[in-house]
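S.K.: The following block contains a protein sequence and its predicted model.
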Amino acid sequence: MYKIINADFLADNIKRFVIEAPKIAAKRKAGQFVIIRLKDGGERIPLTIADSDITNGTITIIVQGIGKTTKELNTFVAGDFILDVVGPLGKASHIENFGTAVSIGGGVGTAIAYPTAVALKNAGNHTIAIIGGRTKDLVILEDELRQVCNEVYPTTDDGSYGFHGFVTQKLKELIDNGTKIDFVLAIGPIPMMKAVAETTRPYGIKTVVSLNPVMVDGTGMCGGCRAIVDNKTVFVCVDGPEFDAHLVDFQTLERRNKTYREHETESLHNYLCHFDKAFDEGLLSKI
Amino acid sequence: MADLSKKERMKIPRQPMPEQDGFERSKNFKEVNLGFTEELAKMEALRCLQCPKPVCIEGCPVEVKIKDFITLVAAGDYLGAASKIKEDNMLPAICGRVCPQEEQCEAQCVVGIKGESIAIGRLERFVADFEREHGGLRNPEIKTKTGKKVAIIGSGPSGLSCAGDLIQMGHDVTVFEALHELGGVLIYGIPEFRLPKDIVKTEIESLKQLGVDFQTNAVIGFTDTIDELMQNGYDAVFIAVGAGLPYFLNIEGENLNGVYSSNEFLTRVNLMKAYKFPDYDTPVFNVKDKNVAVFGGGNTAMDAVRTSKRLGAKNAYIVYRRSDIEMPARKEEIHHAKEEGIEFILLSNPLKFIGDAQGWLTGVELLKMELGEPDSSGRRKPVPVENSNYILDIDMAVIAIGNGSNPIIQQTTPELQFNKWGNILVNDETMATSKKGVFAGGDIVTGGATVILAMGAGRKAAKAINDYLIQN
Ligand SMILES: Cc1cc2nc3c(=O)[nH]c(=O)nc-3n(C[C@H](O)[C@H](O)[C@H](O)COP(=O)(O)OP(=O)(O)OC[C@H]3O[C@@H](n4cnc5c(N)ncnc54)[C@H](O)[C@@H]3O)c2cc1C
Ligand SMILES: Cc1cc2nc3c(=O)[nH]c(=O)nc-3n(C[C@H](O)[C@H](O)[C@H](O)COP(=O)(O)OP(=O)(O)OC[C@H]3O[C@@H](n4cnc5c(N)ncnc54)[C@H](O)[C@@H]3O)c2cc1C
Ligand code: SF4
Ligand code: SF4
Ligand code: FES
């Protein structure tokens, strides 16, 4: 059982949790993730370790509620317990002083990119963050990133805040303005990562993405998380999650991620019905 | 009764195992074999000739005192029989169910030369079940605490049996397990209908009562490395991480939606209980009224194909390159699969998977084979029949062609020596690795093998670890 020490919403539907897990806190490196299981009968889902505090023995995860498990997790509050947390899993981000490093986050991807941006800064890079959201309220971690990055550019699809447009347009603008970019990390929805890869490809800028296939064990035992990189099959949980964006077969990833669409819809539907009922009966005093 | 003549004993036929009806059971996950009644067990025990030289024992990798325990069964002393077995085999309820007896103990039994051998496995199972159900489980004595600490990595049969022995020798034992549940393949691989999970849980519970400390969610290599365990006060380490890396066929279309490794398919269904979706959250491909093909001919393939039938598959096929004589699966499992309506497509090799525009599996191209000359393993090698390609329509595929070694330990423990398949190299007698104080056994050493061999290795290691701890 892993105790939630603190929980707060960063945006509508995006919640930050500080969880007691001293061993993981002490070991984790930027780019690694945990797999959690909320309760008996629950699914195992991967979440990136956004931050850790060795002194207090805690890790931070930032979760976007998109389906049954993440939405249920987002009803958890400080003092609640998560049944299983295992990690740190996956390979740590490859960090070096590239020169100028741009970290791009889309939606909750910003949370996944955040620890690596910090590590890139610590390695001496001039760090730029481009963080996108559909609308102002969905741009997260801006203050946190401002504390570590040299430049931070929020972007919104609807122009309600920061740069009006996609993260790739902002990236292209920087390149066109003559900013010498040596390294790009892009994490977010698959179409966004694909678009970033295509933006940097003509310039030969080294670009890394973090892949998000469906996982089960997270230890290389099941092969369910396989993706195609450089025309070879990889197991993302142990060979990644970060890969060279210019070599990733995004189409296969996107397609495989739809394997359980029907199940996911059913599961969420059941959960929300149950949830509504509980709400009507006044059982959900917590939220 | 006990003074029957040899002739009279030989006249008794091998007692049938009561089992669930084939059609009924192909729709549920309850255990197929129901187990002997007392009458059946006694009758079966009377068939044993009490050989002066019981060769059956030579067939058992851990040398269970078969003749002695059968004598006790015939006399109705089932608890005594259970203790007798447990002198050599800590997990009889499990081995009685899943050992390939027809290749081991029963293959040697003299009665089997002319007739059918004594049903040693079924008797073993009966005795263990009797003991469990009649509250006869007795905690063995624990020697005075030595103050030494041993870390065991992996909670499969190898790790569990090593833990059981070491705790009785007076050492402190912690078992680290990567998953959230204990038991290894016994929990996530072998399905409920062949090995009820409650039995595995009971065995683990009794180890807990003896004082073994279990830590789940601990992936050694990531959570702690072996070096860190030793720095943190463990005096010895036993690596029993199994063979946890699925092999794929490496053919076109293997990443289409609907293609699984047997590990993933079985883990989703057994460990995560996807057969109870949506009551349990983890999904698995919905095979209801669909066609499923499982590639391979071992126990894993049989488990996967029978599982898919239970999930409602219309047609469930085994596709195997060789003929059924060469199938490595236990005969009983093949027999049960056939009874449950599984179709066997033998001497066929998959060439590529075919998908629709959305990337869902729709079929597999197969090539027919015929048996040629025996290969180095002594089995006749399948050779392709020219122009015999055809397409089998399927919606889900499970690849069950074996497992390699998971590389996490190798990558995080540089001093260990491995062979080219990633198996840890050990001293055959002591299971000691090339790293001081570190031992290894089970599938990580042998490659995918059997429960009883993994258990035997765990016990051998326990002895050697005890010696090592006394000397150091
Ligand atoms: C390495 C990695 C790191 C991640 N880090 C974060 C993070 O920091 N914050 C965050 O909000 N999300 C993160 N995700 C995504 C997160 O795991 C999914 O949103 C979550 O699993 C969805 O589960 P659900 O039941 O809520 O939704 P569902 O309705 O079940 O699924 C919605 C979608 O999520 C994906 N998904 C479903 N089940 C799994 C699974 N078992 N494993 C992986 N993906 C799945 C599928 O694409 C699916 O279509 C990460 C994913 C990976 C692989
Ligand atoms: C589907 C299937 C059916 C089978 N049927 C039979 C049968 O009928 N009869 C038979 O005799 N044999 C059968 N076998 C083979 C038998 O199950 C194995 O030989 C046996 O389980 C091996 O035992 P083990 O203890 O070496 O490893 P495992 O049972 O594989 O256990 C290893 C454990 O270690 C854990 N682990 C791995 N890496 C780490 C790490 N880094 N840190 C912590 N923990 C880790 C794993 O999660 C696992 O729980 C079958 C195998 C399968 C897959
Ligand atoms: S442990 Fe297995 S091989 Fe040995 S006697 Fe029992 S069933 Fe036979
Ligand atoms: S070989 Fe067969 S008959 Fe002889 S003791 Fe063993 S089980 Fe009994
Ligand atoms: S999640 Fe099972 S191998 Fe990666």
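M.R.: Everything's here; your move. Bear in mind that the values here come from a model prediction, so they are computed numbers and not experimental data. Ligands and ions are numbered 1, 2, ... in the order given.
S.K.: going forward, measure contacts and count neighbours with C-alpha atoms only.
M.R.: Noted.
S.K.: need the longest helix for the chain.
M.R.: Answering for chain A, as no chain was given. Longest among the helix segments of chain A by residue count, using DSSP state H, is helix A:261-280.
S.K.: Chain B, not that one
M.R.: helix B:451-471.
S.K.: which parts of chain A sit against ligand 5?
M.R.: For chain A, the contact set with ligand 5 under CA under 6 Å from any ligand atom comprises A:215-225, A:235-237.
S.K.: If you count contacts, what does the lengthiest strand in chain A end up packed against?
M.R.: When chain A is parsed with DSSP state E, its longest strand is strand A:2-11. Packing partners of strand A:2-11 (3 or more CA pairs under 8 Å, 6 or more residues apart in numbering or on different chains; DSSP states H and E): strand A:14-20, strand A:81-82.
S.K.: Partner strands of it and their direction?
M.R.: strand A:14-20 (antiparallel), strand A:81-82 (antiparallel) (DSSP bridges).
S.K.: List the buried residues of stretch B:146-159.
M.R.: Across stretch B:146-159, burial judged by 16 or more other CA atoms under 10 Å in any protein chain shown covers B:K148, B:K149, B:V150, B:A151, B:I152, B:I153, B:G154, B:S155, B:G156, B:P157, B:S158, B:G159.
S.K.: contacting residues around the most centrally placed residue in chain A?
M.R.: Residue closest to the average C-alpha location in chain A (CA atoms, centre = their mean): A:I112, at 3.3 Å. Shown in contact with A:I112 (CA atoms under 8 Å, 6 or more residues apart in numbering or on different chains): A:G31, A:T48, A:I49, A:A50, A:G105, A:I187.
S.K.: and it, what pLDDT?
M.R.: Listed pLDDT for A:I112 reads 88.
S.K.: cool, B:I408 as well?
M.R.: 92.
S.K.: The closest residue in space to it that isn't next to it in sequence and B:N406: what is the separation?
M.R.: Excluding its sequence neighbours, the residue lying closest to B:I408 (CA to CA, 6 or more residues apart in numbering or on different chains) is B:G221, at 6.1 Å. Distance from B:G221 to B:N406, counting by CA to CA, to the nearest Å: 11 Å.
S.K.: Equivalent analysis for B:G135, please.
M.R.: 39 Å.
S.K.: Looking at those two, which one has more neighbours?
M.R.: A count of neighbours by other CA atoms under 10 Å in any protein chain shown puts B:N406 above the other of B:G135 and B:N406, at 21 against 10.
S.K.: That one is in contact with A:C222, isn't it?
M.R.: No: at 10.5 Å, B:N406 and A:C222 do not qualify as touching, with contact defined as CA atoms under 8 Å.
S.K.: which residue sits closest to B:I391 in space, ignoring its chain neighbours?
M.R.: B:E365 (4.4 Å).
S.K.: Find the residue ranges of the stretch 151-287 of chain A scoring beneath the pLDDT cut-off.
M.R.: Scanning the stretch 151-287 of chain A for pLDDT under 70 picks out the ranges A:275-287.
S.K.: residues from it in reach of ligand 3?
M.R.: Counting by CA under 6 Å from any ligand atom, the stretch 151-287 of chain A has no residue next to ligand 3.
S.K.: where along the stretch 151-287 of chain A do the strands fall?
M.R.: A:151-156, A:163-164, A:183-187, A:206-210, A:226-229, A:232-235, A:242-244 (DSSP state E, counting those that start in this stretch).
S.K.: again, but for the stretch 151-300 of chain B
M.R.: Going by DSSP E, counting those that start in this stretch, the stretch 151-300 of chain B shows strands at B:172-176, B:213-215, B:236-239, B:245-246, B:259-261, B:291-295.
S.K.: For A:A78, which of those strands is the nearest?
M.R.: strand B:213-215 (24.6 Å; CA to CA).
S.K.: That closest one - contacts with which helices or strands?
M.R.: With 3+ CA pairs under 8 Å, 6+ apart as the test, strand B:213-215 has strand B:172-176 packed against it.
S.K.: any idea how far the strand it packs on is from the chain center?
M.R.: 22 Å (CA atoms, centre = their mean, to the nearest Å).
S.K.: Next: stretch B:223-236.
M.R.: Using CA atoms, centre = their mean, the offset of stretch B:223-236 from its chain centre is 29 Å.
S.K.: count of residues packed around the one residue in the stretch 51-200 of chain B that gets nearest to ligand 4?
M.R.: Nearest to ligand 4 in the stretch 51-200 of chain B, going by CA to the nearest ligand atom, is B:C109, at a distance of 3.6 Å. Burial of B:C109 is recorded as 24 neighbouring residues (other CA under 10 Å).
S.K.: so it touches B:I118, yeah?
M.R.: Yes: contact criterion CA under 8 Å: B:C109 and B:I118 qualify, at 6.9 Å.
S.K.: Quick check: the gap between the closest residue to ligand 3 within chain A and ligand 4.
M.R.: Nearest residue of chain A to ligand 3: A:M221, at 26.8 Å (CA to the nearest ligand atom). From A:M221 across to ligand 4, the span is 39 Å (CA to the nearest ligand atom, to the nearest Å).
S.K.: Mind checking what secondary structure whichever residue of the stretch 301-450 of chain B sits closest to ligand 5 has?
M.R.: Closest approach of the stretch 301-450 of chain B to ligand 5 (CA to the nearest ligand atom) occurs at B:N406, with a separation of 9.8 Å. Using DSSP: H, G, I helix; E, B strand; the rest coil, the structure places B:N406 in coil.
S.K.: residues touching it, list them.
M.R.: Neighbours of B:N406 in contact, by CA under 8 Å, 6+ apart: A:G220, A:M221, B:A243, B:G244, B:L245, B:G422.
S.K.: Skipping adjacent residues, who's closest to the first one in space?
M.R.: By that I understand A:G220. A:V238 (5.8 Å).
S.K.: How about B:S117?
M.R.: B:S117's closest residue in space is B:V111 (CA to CA, 6+ apart), at 4.9 Å.
S.K.: Which strand in chain B has the most residues?
M.R.: strand B:361-374.
S.K.: Tell me the gap between the very next helix or strand once past it and the middle of its chain.
M.R.: Later in the chain than strand B:361-374, the nearest helix or strand by DSSP states H and E is strand B:380-384. The gap between where strand B:380-384 is centred and where its chain is centred comes out at 28 Å by CA atoms, centre = their mean.
S.K.: do stretch B:291-306 as well
M.R.: That offset, for stretch B:291-306, works out to 15 Å (CA atoms, centre = their mean).
S.K.: Compute the first-to-last residue distance for that stretch.
M.R.: Note: stretch B:291-306 ends 13 Å apart using CA to CA.
S.K.: before we move on, back to that, could you say which of the strands paired with strand A:2-11 is packed most deeply?
M.R.: Scoring these by mean neighbour count under mean count of other CA atoms under 10 Å in any protein chain shown gives strand A:14-20 as the most buried, with a mean of 23.
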